Every structure is written in structure tokens, then in C-alpha cells.
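1. model the following, please.
(2 chains)
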Amino acid sequence: MSAAPTVADLLADPLLRTARTLAGHAGLDRPVTDVIAYQGALDAIAGHLVICDARDAAPAYRLDALVRRAQEAGAAALCVTVDDTDRPPLSAVRLADRLRIPVLWVPTDDPFRLALDLTLRVRAPEVARARTVETLVRRLAHHTEGPDLIVAARSVLTADISLVTPDGAAILGDPVPPDTLRPDLAVPQRTARLLAHPVHAAPPAGHRPGGAAPVPAWLLCPVDGVDDSRAETIALGLALLEPFIRSWLAGARTRADHDRAARRRLLTDVVTGRSSVSRETVERAVALGWRLEDWHLGLFVRAGHTPAGDGPDTFVTALVAALARHGLTVQAVAEDDASWDLWASSTRRPATDDPRRLLRDVRRALAELPVRRRLVAGIGRPHQGPGGLADTLTEARNAARLAAAREFRPAVEHTDELGVGQLLAAWQQSDITRAFAETALAPLRDPEHAHLLTTLRVFLESGGSAAATARALGLHRNTVAARLHQVRDRLGIDLDDPSYRLALQMACRALTGT
Amino acid sequence: MTTPPTAPAPRHTLTAARLPALAVGAQLLGSGGGGEVATGALLLRRELDRTPVTLTPAADLPPDTVVVHVGQGGAPDVLAERLADPDDFVRAVRTVTDVTGRPAGAIGVIEVGGLNTLIAGVAAARLGLPLVDGDLMGRAFPRIDQTVTALHGLPTHPLALVGPGGDTVVVQDCAPRRVEPLLRANVLALGGAAAVALHPLPAATLARIGVRGSVSACLRLGERFLAAAGDHRTTPDDLAAALDAELLAVGRTEEIVPRQDLTPGWATLTDRRTGAVVRVDLLDEYLAVTVDGVTRAACPRIVTAVDPSGRRPLRADQIRTGQHLVLLALPALYDWPAEAAALVGPAAFGLDLAPAPHRTPPPGWGRRTEGNRV
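-> Numbers count the residues shown, from 1 in each chain, chains lettered A, B, ... in the order given. I've put the predicted structure just below:
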């Protein structure tokens, strides 16, 4: 059995969660060896927590005397059970401070129960623990959903239990920095501030008992200022909770996988069927809450990085939630583990000034998600009907491609903002185009051949017309013809071939930055 | 040091010059209660300017002299606001002597604390009778039955009450436990304050059972206090020494919880010298002083509070939060026996205090009470 709890330990216990330490804070580290209810006598109470009813401690002089006598008899602390109307007398507060004996002021409507519970807590912590375990098992058995399980465990253990991913992101409850946790060791752990219990994944087929099963999540509970006995109880509670949570996670994953596949199939049917979707497809869509006949606004999101141990739906849930916070209620269908088609439906055509705002909102939403995901997103234009859904999603996908060319993350582009020029500009700015330009135009890069490069550029921009080039440069036609001849010689390229012309034009633009 | 307060006092005269000492002594002996003395002092001054009063020990009177005790009954705030008519006291005494059929030979003091010390003087002056140097309580108590006569089972009746309009109530016969309710009810009916005359006792009886020499003790106490308070160098310890008192606490009032009807309230102080937590239980009077959870003084001991800057005694209703106080336990004028605990001890006021551990009294403490009882 562990050492006797101190008064501070008992104060940290849920039993005394309503307690207020009126006075005598200096004595909070006194060990409590037993609990006694005050009944007029204070004999042999050394180390005891003395519980007395406010009515036995009023008026002030009675409490004063009690404080004094309890201190003289060596009591660990005085615990006054009160109702809301009772008010602590200053003289007793001052006296307790002076005598350094803690006086706890505990509002309760059942002082007998409190005395009994505290007695068990001090004299037989294992009985108190057994009772907690029994209550916990009873409560957990009524729930199957993760949030309910956590709530039940929190209320029984009166501890801030959270379910987090190995990198500390909250799945349920509050985010808890995993502190000095060793996520590589799949065993229950206790640090100075934290209790942790691994939630094992369903073992893969052929898994050997004792082998390292993957740990997709941890149950955590902060244990600052909690004594050993209570920490043991919480650790036991976490161990009890773990199979329930594991079962919920496994069930949720199966359902999600199944659901994901069904939604993917339906979206494929809609996109291939376009405006002539079958009646059966429409019915399935309605069952999922999709409104095919509405106006749709497509989004395509791709993650550049998917952390290991992450549930497939964890991220998309966060994504949908982030978009919802910025006013976009979307349907989401995963293409694979790292890319998603999303769309928002509305009965009326979205207003014309929407694209800019939409772009800003989506950018903000994505900025709220972890940057290590390296997100890229594209937004399509609003289109109506099932065919419109296919169109807007295609536009979104194309826009996402452009966004992918950006050097920063998260990157978001809107189809409306693209245009051919932008598309070209994006290409020009890409490293590949640039590298090509450096190589292809190398023979014209030295300063003494700058006039040749200029002539080539103007010739290409002028649609391959030597006459137009001469006019633009203020040269004679023959001079232009001669220079173009030199260019052909140096580059070894046929300037009459449209493909070469396009490639060279891109290269010129990339090089000159126009 | 001056003469001890209860040494055999010579027959002497109460004059206007001694009035300030008598008033402040009465306030000190009031133990925080007993009512406001200033009005009574003004009344008495007027009487003494015309007729000095002779102060006589009961033993010096012919044994069968009838001593009628006179005082003012009622609520302190009414007494403070409505000036009493000295003729009402004369009328009350005459009503009592009419019932007994024997003339009064002297006037007695009911309680030597507070207003009633002075009122008895007013009655004695108006009637031209000597004032007995003694009283029935040895301090001020709130109830009429908290007297040495009650301790000895002597009747209070006949008693007379005279209201401001001359309305007179005569009680010819009354069981001891009825006296207090009867008095309260009738004083209320008479407007909250009334002149009271009662306890017509033979001087011999008074000499045997009464608190002796308490008026001259009050005078001497007042003189010493005035002498000490007049010197700005007087420390609380000096003041205690001058009054032969025990210094209980010097500190600041942090909290005052008012009484609820008959349930005592309390004031909490922190002693600025020792840091001790001091609780003063109080009703109209200071009932007990508890230091660090140990009761250091409890009624019937006389506790007085003095404002250290103004050097004036403070009634229980005058102390305020944040005020600095010097708390003193004065030497007793009467040694109440243990069996009087239910009558004048903490239990009489609903206080169930832990008994104070035995303490060695300070040097000189208690020697003045010797020979007080017979």
C-alpha cells in the first residue's frame, strides 16, 4: 500500500472537488492517517482529518475552539461540511492560518456520504479503487461511441482524459502535448505530468502475441499534483477504457472504409453519367443527401504529406470542419488517402462577386489545418445539375494543378482567376520550363548575341512574320532574314515547325520574364 | 499608586468635580454595555450643583434603613435620545415606599456600570437621601435578575415603573423568573424607556450581601483612567497597570458580525504585538475575549475596550471595522461564586465556551477582591 495521502492529495481528489481551503495552507502537506467525524470529543486524533458539520461549528466561537483543540490534538486538518448559506467566520480563518492547520470548507448535501468516502479513500484506497472500477465498467458498458465513452470515463474518474494521435493532435477531448511520452514503446507510461495508455490497432493477420502492434492513438490524462493512489486508479481506469475505445475505433474505420467506397462509386457514376444519370444513381445520391439538381461549386484538395498512423477520415473531418467554419458546407468524397473531391450545393446560383471571397475563405480554412500536410486546392466555377457537378470538379482539379506549381503551402487557386496568360505564366515560372530555356537558348545567351535573341523573340511574338519583325525592330527585312538565318545556324532548329516555335516562345518568355 | 478601589472608603460626598471620574469609571465598568453615560452625567451635574450627595457604605446606615434601588430601564438608544425627567425617579421611589409603607432612607445603585450609576445619584440628589456606596451587580448586566440579590433568592418586588408621561406601573408581587419579562413588556408599553425603582432592602441585608464600595471603586477607577489617558506617553501596558487590569489585546478590528436577536455576535481582531487572533463575543456587552482559540476572559469578568488614540472607553455598539482597540480585563468588584455561572457566566448569554486553562494572574491581580464577599 502506498504512503498515507497528504491533505493536499485529498484536496486533489474528486471527492473534495467542491472544497475550498479557507485557511492553514501551510499545513497542506500533513499526512492524513484516518478520518473522523467530530462528535464533541477530540481524543486520539493525531493525523486525522476531522469532519464536522457547520452546525456543530457555529457560532464562531465553537469553530475557533474546534480549530484550537484540533491543532492541539495533532489533527491533520479540519473539514467543515456546509450548505450554501454558511459563511466562514474570519476569526477561525485567521486562527487556522496562525496555527497552520488546514480548514476545508466543503459544500455538500450529504456529509455522511462524504465522511464514508473519505474514510475509504484514506483507510482502504483499494476498496475505493474497486468501487471506481466497478462504476466505470458499468458505465462504459452502456456506450459504444468514442465521445460517450470518454465522457463516461471522465465523469467516473473525474479526470481530464483525452484520446490523441501519437503526435498530440486531439481525436477526442482536449489536445494534450505528449510531454516526454515514448510513442515508440507500446506500453502504458507515466511521466511526472501525464498518464498514457496506448490504444492498439486491431492486430494484422498473422500477428504474433507480444509483437509490436501499431499504436494509432493514446489515452492521456494529466496528473499534475495527483498522489500515487489516485494515479493508480486513473491508470487502471485508462486500461479499462482502452478496449472500448479500440473497439470503437475499429468499428468506425470499417464503417468509414465502406462508406468511402460507396461514395466514391456514386460520384464516379454521376461524373461519367453527366446530365443523363440513371434513376438509381439519383436515388443513391438522395440517400446520401446529395442534391444533384442544384448549383454546385467544386473543390479539389490534395495533401502532399500524410502522417503515418493517421486515420483516413480524421483529416477530412478536420478539413470539412474548417471549411464549415468559413461558411462552406461541403460534401466530401475521398479519391484516395491524400486527395478529396468536395463540393457545396445551393438551390440558387451563387452571386457573381463570390469567386474572390470564396478563394479567400478557402485559403483561410486551409491555413487553419496543419501546414505539414502541404495542402494544395483548386476551386471550380458554379455549374448546375449533375453534369455541372462533373464540370466544376474538373475545373477544380485543373486549378489545383496550377496551385501545385506554387512554391508555398497551402496553395489555393480558382478557375476564374486562371486564364491562358496565367496558365502560361505559371508554366514559365516552373523550374522545368526555366531549365529548358537555359539549355535551348544557351547559344544566344552571351551579350554579343543579344540582338539575335531579341530578333528571335520579336519574330515569335509576331506570329512568325519577318516583315512584322522588321517593322517592330525598325530594321530592313533583309537584316531580319539574315539574323534569323544566324539563329537557325546557332540553335540548329527549324523555325518553321510550329512545335519548335511554341517551345522557343515559352523559353524566351521564361528567360526574359515577360 | 493610589488607594485600592475597594479599600474601606471613608464617608464622603459626591460632588460635581468628581463627576467626570464617576462617568468614565461607570463606562469602564459597563463592560461595553450599560448604556450611554453622557446624558446621565449632565443630569447628575445639574443636581449636584444644587445638592451634593453623601456616599455611605450600607454598613454605616442604621440596620433597618430602607434602601430603594433606582435606575432607568429600556433600550439604550431610546435612553440616549430621550432625556429622563428626574422627577420620574422620585415618583418611582415614592410609589415603592407607598407599597411597603416605610419611607426610603437611602438610594441604592442597581448596577455600577453605565448610565444607571449616574441615575441613582440623580434620584438620591432629588430626594435628598444618601447614596449607598455599593450596587447589586458589581458591573453592568443586561437583565434585572443578574444581581447578587437574585443569587441570594431575595425578591425584586415591589417594583415601580414610571413612564415619561407620568404613567406608573406598580408590581406588588412577582416570581423571580417573571421580573425580567414583566419589566421588558412594560417598558416597551411605556415608550421604550422608564424610571425603575425596586429592591427595597434593609441596609443590614445590603451590608451583608451587596457589592460593597463599588461606587467609590468606580470613582477611583475613573480617576486613574483620566490620569493615565491625560498623558500622551501612556502605552496600553501603562494603562493596564494604572487600572490594575489585565491587558488582553491591542489590535485592529477586522470583522464585526452583528448579534442576531439574543444570539451573540463577535468581532475579530489581530493583535498587533503578537499576531494572535482575538475574538470578542458580544451582545450589548463584551461577553468574552478569546485569544488564539483560548478564552482569556469571560463574563462576569469585566472587559473594557479603549480607543488607543482618543483614550476613551468604547461601548460594544461603538466599535467599527478597522478600528484599533485596547482590550482590558478589569479587576472584579465582586467575586461571583461558581454556582452563579448560569446567572452571569457565558452560559447565561448562550455561549458554550471552552473553559480557560488556569493562568497565573499578573502581580497584584485579584488582591482587591478579598473581603468583597461576606
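2. and the pLDDT at residue 313?
-> Let's take chain A. As predicted, A:D313 sits at a pLDDT of 68.
3. nope, chain B please
-> Turning to B:P313, the model gives it a pLDDT of 92.
4. got phi/psi on A:G225?
-> phi 70, psi 30 (degrees, to the nearest 10).
5. just give me the neighbour total for it.
-> 11 (other CB atoms under 10 Å in any protein chain shown). The way it works is simple: take the backbone N, C-alpha and C, and place the C-beta from them, glycine included.
6. with A:A73 instead?
-> Look at A:A73: counted by other CB under 10 Å, it has 16 neighbours.
7. the nearest residue to A:T433 once chain neighbours are set aside: how many residues sit nearby?
-> Closest residue to A:T433 in three dimensions, ignoring its sequence neighbours and counting by CB to CB, 6 or more residues apart in numbering or on different chains: A:A510, at 4.8 Å. Using other CB under 10 Å, A:A510 has 25 other residues around it.
8. any idea how far B:Y334 is from the closest residue to B:Q146 other than its chain neighbours?
-> Spatial nearest neighbour of B:Q146, chain neighbours left out: B:V344 (5.2 Å); criterion: CB to CB, 6+ apart. As defined by CB to CB, to the nearest Å, B:V344 lies at a distance of 10 Å from B:Y334.
9. quick one, helices of the stretch 201-350 of chain A?
-> Shown for the stretch 201-350 of chain A, the helices assigned by DSSP state H, counting those that start in this stretch span residues A:228-273, A:279-288, A:312-325.
10. local confidence estimate at the residue lying closest to A:L220 once chain neighbours are set aside?
-> Nearest in space to A:L220, with sequence neighbours left out and distances taken as CB to CB, 6+ apart, is A:V176 at 4.6 Å. Looking at A:V176, its pLDDT reads 71.
11. do the same with A:V156
-> Note for A:V156: predicted pLDDT of 87.
12. so which helix or strand takes in it?
-> When secondary structure is defined using DSSP states H and E, the element that contains A:V156 is helix A:146-157.
13. in that helix, what's buried?
-> Of the residues in helix A:146-157, those buried under the neighbour-count criterion (16 or more other CB atoms under 10 Å in any protein chain shown) are A:146, A:148-154, A:156-157.
14. quickly name whichever of those residues is closest to B:A80.
-> Distance from B:A80 was checked for each of the buried residues of helix A:146-157 by CB to CB. The minimum falls on A:R154, at 63.2 Å.
15. who touches the closest residue to that closest one other than its chain neighbours in this structure?
-> Computed as CB to CB, 6+ apart, the closest residue to A:R154 that is not its neighbour in sequence is A:I161, at 5.3 Å. Contact criterion CB atoms under 8 Å, 6 or more residues apart in numbering or on different chains gives A:150, A:153-154, A:173, A:219-221, A:237-238, A:241 as the residues in contact with A:I161.
16. please apply the same query to A:A217.
-> For A:A217, the contact set (CB under 8 Å, 6+ apart) comprises A:163-166, A:171, A:198-199, A:245, A:249.
17. swap in B:L183?
-> Under the criterion of CB under 8 Å, 6+ apart, the contact list for B:L183 reads B:73, B:144, B:159, B:161, B:196.
18. give me the neighbour count for the nearest residue to A:L236 once chain neighbours are set aside.
-> Closest residue in space to A:L236, ignoring its immediate chain neighbours: A:V133 at 6.1 Å, by CB to CB, 6+ apart. Neighbouring residues of A:V133 were enumerated by other CB under 10 Å; the total is 17.
19. do B:W266 as well
-> Using other CB under 10 Å, B:W266 is surrounded by 24 other residues.
20. do A:T254 as well
-> Number of residues near A:T254 (other CB under 10 Å) recorded here: 11.
21. circling back to that earlier point, distance check, the residue nearest to A:T433 against A:A405.
-> With the distance defined as CB to CB, A:A510 ends up 13 Å from A:A405.
22. ditto for A:D489
-> When distance is defined by CB to CB, A:D489 is 35 Å away from A:A405.
23. higher neighbour count, these two?
-> Using other CB under 10 Å, the more surrounded residue of A:D489 and A:A405 is A:A405, with 17 against 10.
24. from the centroid of chain B, which residue is nearest?
-> With distances taken as CA atoms, centre = their mean, chain B has B:G113 as the residue nearest its mean C-alpha position (1.9 Å).
25. please, which helix or strand holds that residue?
-> Per DSSP H and E, there is no helix or strand for B:G113.
26. need the contact list for the residue nearest to A:T433.
-> Remark: with contacts taken as CB under 8 Å, 6+ apart, A:A510 is in contact with A:428-429, A:433-434, A:436-437.
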